[in-house]
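K.L.:
The amino acid sequence is not available; the structure is as follows:
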């Protein structure tokens, strides 16, 4: 009987996904801070700035009004209309608000997209290195993540050649594209993105475009896949550009044929997205001037790191085109990025994320630094790392 009871407590095989290591680093840093030591946080991709004042004011007004209830499953109509207007304003794209779905952050969007597009067993291509939850969520849903190696020759972006080669070896059902990308910060220009989407869609491969870092582009303007294909599924969020990580509010742009499918899924999984966050999200669009000032701060932080880290000893890193990440090669010092990150946290008081979180193949040679904090913190981090590496 005891053995039978133990079996009842066994987790499912599909739940056996790797941890998101960055959250473990965050917890370790918090423990050090609790002991009284200072830590410079560069591990979590989280803006240090607050949400736009317009968003905060709208949320406060809604709370003062009283009742916060359910909304329509696909989102408050005025928010969906405002998101559609955003595509006209930023990308010169006329978008039907009916194709906009409000989600619980981009994370909720990925779950909905993967459920709507793929069957268990389907193979879905991902850039390597890439955002860990892509492969973890796909695995939990019974799909097979297929890691496609990127290289300096493709500016660390997916290439049509590599995707088609993988497709010929064993058919792919989908691909996730990210530009700007996490953890590399690299981007694809509009022409390269258009060519990639055209090639893979001609093969019957479905495209999901992660555009969560749009707005945080420095080398050139990011293009939306929604402008290049009406069949692509686009996922975005208020988390990064609008500094609203904890509000858990994002959106999707889906083909018209998928709207009802996503409606049914979200209605069963979440009923609706938190109302207060939707109200704040709609108002956030009126705070773009404030967010552009925050973006200028990221650009200065980017300059501090790209100038300072080579002098500290970390002189090899990928192009820093967008987002707020720098992906540094540490093989000069270590072949174990997890150990290196632990030692840097404990001995130098700087928290960063080991590359194995993003790349199970070659990530032991890399470390991701998030530069979404203050300029003073970036200067402090460079000094601490330099002093530590020169010991």
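P.N.:
Sure thing, it's come through. Since we're looking at a predicted model, the values are computed, not measured.
K.L.:
shaky segments in the stretch 1-150 of the chain?
P.N.:
Within the stretch 1-150 of the chain, the ranges that satisfy pLDDT under 70 run 1-9.
K.L.:
following the helix or strand harbouring residue 268, which helix or strand comes up?
P.N.:
Taking DSSP states H and E as the criterion, residue 268 maps to helix 259-269. Next along the chain after helix 259-269, taking DSSP H and E as the criterion, comes helix 275-284.
K.L.:
one step back: who does the helix holding residue 268 touch, helix- and strand-wise?
P.N.:
strand 100-103, helix 105-117 (3 or more CB pairs under 8 Å, 6 or more residues apart in numbering; DSSP states H and E). Backbone N, C-alpha and C define where each C-beta goes, glycine included.
K.L.:
Identify whichever of these lies nearest to residue 256.
P.N.:
Counting by CB to CB, residue 256 lies closest to strand 100-103 out of the helices and strands packed on helix 259-269; the figure is 11.3 Å.
K.L.:
returning to that earlier point: what does the helix holding residue 268 rub up against?
P.N.:
73-74, 98-99, 101, 103, 108, 111-113, 115-116, 252, 254, 272-273 (CB atoms under 8 Å, 6 or more residues apart in numbering).
K.L.:
Max pairwise distance over those: which two?
P.N.:
Using CB to CB, the contacts of helix 259-269 span at most 21.2 Å, a distance reached by 98 and 111.
K.L.:
picking that back up, buried ones among the contacts of helix 259-269?
P.N.:
73-74, 99, 101, 103, 108, 111-113, 115-116, 252, 254, 272-273 (16 or more other CB atoms under 10 Å).
K.L.:
now, among the residues you listed, which is nearest to residue 17?
P.N.:
residue 111 (13.0 Å).
K.L.:
Residue 214 and residue 225 touch, don't they?
P.N.:
No - counting by CB atoms under 8 Å, residue 214 does not reach residue 225; the two are 10.5 Å apart.
K.L.:
just the helices in this protein please.
P.N.:
Assigned by DSSP state H, the chain shows helices spanning 2-8, 21-34, 53-65, 77-91, 105-117, 132-140, 160-169, 190-202, 225-228, 259-269, 275-284, 288-312, 337-343, 375-389.
K.L.:
Switch those helices over to a markdown table; also include distance to residue 243.
P.N.:
Formatted as a markdown table, the helices of the chain follow (distance: least, CB to CB, whole Å):
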| stretch | distance to residue 243 |
| --- | --- |
| helix 2-8 | 44 |
| helix 21-34 | 18 |
| helix 53-65 | 9 |
| helix 77-91 | 16 |
| helix 105-117 | 13 |
| helix 132-140 | 20 |
| helix 160-169 | 34 |
| helix 190-202 | 26 |
| helix 225-228 | 23 |
| helix 259-269 | 25 |
| helix 275-284 | 9 |
| helix 288-312 | 6 |
| helix 337-343 | 25 |
| helix 375-389 | 16 |
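K.L.:
Can you tell me which of those helices is nearest to residue 235?
P.N.:
Of all those, it is helix 105-117 that lies closest to residue 235, at 4.1 Å by CB to CB.
K.L.:
chain center to the closest one, what's the gap?
P.N.:
Helix 105-117 has its C-alpha centroid displaced from the chain centroid by 13 Å (CA atoms, centre = their mean, to the nearest Å).
K.L.:
for stretch 315-329, same thing?
P.N.:
Taking CA atoms, centre = their mean, one finds the center of stretch 315-329 at 15 Å from the center of the full chain.
K.L.:
Show me what that stretch is in contact with.
P.N.:
Residues from elsewhere that reach stretch 315-329 (CB under 8 Å, 6+ apart): 45, 47, 129, 155-156, 179-187, 213, 216-220, 222, 240, 298, 301-302, 305-306, 309, 314, 332, 355, 358, 365-372.
K.L.:
picking up where we left off before, let's have the helices and strands packed on helix 259-269 in a markdown table, adding distance to residue 264.
P.N.:
Shown next, in a markdown table, are those (distance: least, CB to CB, whole Å):
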| stretch | distance to residue 264 |
| --- | --- |
| strand 100-103 | 12 |
| helix 105-117 | 9 |
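K.L.:
picking that back up, would you list the buried entries among the contacts of stretch 315-329?
P.N.:
Buried by 16+ other CB under 10 Å: 45, 47, 129, 155-156, 179-187, 213, 216-218, 222, 240, 298, 301-302, 305, 309, 314, 355, 358, 365-372, out of these.
K.L.:
ok, back up a step: ok, which of the helices of the chain comes nearest residue 349?
P.N.:
helix 375-389 (6.0 Å).
K.L.:
between the closest one and helix 288-312, how many degrees?
P.N.:
For helix 375-389 against helix 288-312, the angle by axes from the mean of the first three to the mean of the last three CA atoms, to 10 degrees is 20 degrees.
K.L.:
avg pLDDT for helix 375-389?
P.N.:
Across helix 375-389, pLDDT averages out at 97.
K.L.:
Can you spell out which helices and strands pack onto it?
P.N.:
Using 3+ CB pairs under 8 Å, 6+ apart: helix 375-389 touches strand 40-41, helix 288-312, strand 350-351.
K.L.:
Out of the contacts of helix 259-269, flag the one nearest to residue 35.
P.N.:
residue 108 (35.5 Å).
K.L.:
who's in contact with that closest one?
P.N.:
Residues counted as contacts of residue 108 (CB under 8 Å, 6+ apart) are 248, 250, 266, 269, 270, 273.
K.L.:
State the distance from it to residue 337.
P.N.:
Remark: distance between residue 108 and residue 337 (CB to CB, to the nearest Å) = 30 Å.
K.L.:
Now residue 136. Nearest residue, chain neighbours left out?
P.N.:
Closest residue to residue 136 apart from its sequence neighbours, by CB to CB, 6 or more residues apart in numbering: residue 17 at 4.2 Å.
K.L.:
my guess is the one you found contacts residue 140, does it?
P.N.:
Yes - in terms of CB under 8 Å, residue 17 counts as a neighbour of residue 140; the distance is 5.4 Å.
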